[in-house]
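Asks: Here is a sequence together with a model predicted from it:
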Amino acid sequence: MSRRLLRTLLAASAVAAFSLTGASAFAAGTLVDCSSATVLSHIQGGGGTAANGCQYIDPPDNSTVANLANINSAGGTGFFGFSDWTEAVAKQDLPDGSGQSGNWSIPSYDSTATYMIVFKDGSLTNLIGFTLISGISSGTWTSPFTDPPFAGVSGTKDVSHFAIFKRAGDDPPPDVSEPATLGLLGLGLLGIAIMRRRRSV
């Protein structure tokens with residue numbers, strides 16, 4: 001077998017392994033920390049502030065959607081440095097004029113998991129996420145689209161919608177399908193066998 005074919009096979013196995021890890025393209029912008037007491041107080045629950053971390057995407061871009069791809073690729077690392085947030089466990093769209101405050105809750109709450117609530121609005125803002133304190137599964141919120149953290153925002157802008165995401169890293173790792181695993185193993189063994197054969201010739 002030619003050296004060129006061997007390289008192609010090894011490159012194909014590397015690409016297959018990379019695609020199985022669920023890698024995704026990085027979103028534009030950077031993540032800015034906004035974890036001041038004033039900003040965290042927008043999320044209440046359990047008799048006090050229910051958030052222990054805050055980040056938003058900069059620069060402002062009101063077209064950024066609060067979907068899983070953007071959450072996991074924001075700033076090149078994903079919100080709070082994690083790219084394994086799972087599909088939203090709760091979502092709420094808010095009618096125009098009603099996005100100043102409301103309630104949030106996590107169905108089927110898992111006390112071992114990490115949760116984040118992400119809000120979206122319009123001009124001069126971008127997605128903003130709050131990690132939630134463990135043990136608090138419901139509460140109230142007020143719009144975080146103010147200055148601070150968003151410089152230049154006058155008054156308080158309405159929230160258009162929010163979603164609560166759960167970290168996959170807190171769940172058992174998913175099983176890789178057996179055919180994919182065997183295929184990668186086979187390609188690796190084939191490469192090793194070819195390299196040993198070439199050395200012995």
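Replies: Okay, I see it.
Asks: all strands of this structure, in order?
Replies: 30-33, 43-45, 48-49, 51-58, 90-93, 101-105, 115-120, 128-132, 138-142, 161-166 (DSSP state E).
Asks: can you tell me how far Ala168 sits from Asp110?
Replies: Per CB to CB, to the nearest Å, Ala168 is found 12 Å from Asp110. Every residue, glycine included, has its C-beta placed from N, CA and C.
Asks: Which of the two has more residues huddled nearby?
Replies: Neighbours per residue, other CB atoms under 10 Å: of Ala168 and Asp110, the larger number sits with Ala168, 19 against 13.
Asks: Contacts only, for the more buried one.
Replies: Ala168 makes contact with 84-86, according to CB atoms under 8 Å, 6 or more residues apart in numbering.
Asks: Filter these down to the buried ones and hand me the ChimeraX line.
Replies: Written as a ChimeraX command, the selection of buried residues from the contacts of Ala168, which uses 16 or more other CB atoms under 10 Å, is:
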select :85,86
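Asks: possible to save the contacts of Ala168 as a markdown table with distance to Gly29 and pLDDT?
Replies: Formatted as a markdown table, those follow (distance: CB to CB, whole Å; pLDDT from 0 to 100):
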| residue | distance to Gly29 | pLDDT |
| --- | --- | --- |
| Asp84 | 20 | 96 |
| Trp85 | 17 | 97 |
| Thr86 | 22 | 95 |
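Asks: Arrange the contacts of Ala168 in CSV, one row each, with distance to Gly75 as further columns.
Replies: Output for those, formatted as CSV (distance: CB to CB, whole Å):
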residue, distance to Gly75
Asp84, 15
Trp85, 13
Thr86, 19
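Asks: between the contacts of Ala168, which is nearest Ala163?
Replies: Nearest to Ala163 among these is Trp85, at 10.1 Å by CB to CB.
Asks: The closest residue to Thr30 other than its chain neighbours and Asp58: what is the separation?
Replies: Leaving out its chain neighbours, the residue that sits closest to Thr30 by CB to CB, 6 or more residues apart in numbering is Gly75, at 5.0 Å. From Gly75 over to Asp58 the distance is 9 Å, taken as CB to CB.
Asks: Residue ranges of each domain in this structure, please.
Replies: Domain segmentation of the chain under automatic domain parsing yields 3-20+175-200, 30-170.
Asks: Lowest average pLDDT across the ones you listed?
Replies: Note on these: domain 3-20+175-200 shows the lowest mean pLDDT, a mean of 55.
Asks: Make sure Gly53 is actually in contact with Ser35.
Replies: Yes. Shown here, Gly53 and Ser35 form a contact pair, counting by CB atoms under 8 Å, at 5.4 Å.
Asks: For the two, work out which one has more neighbours and name it.
Replies: Regarding Gly53 and Ser35, a neighbour count based on other CB under 10 Å identifies Gly53 as having more, with 17 against 14.
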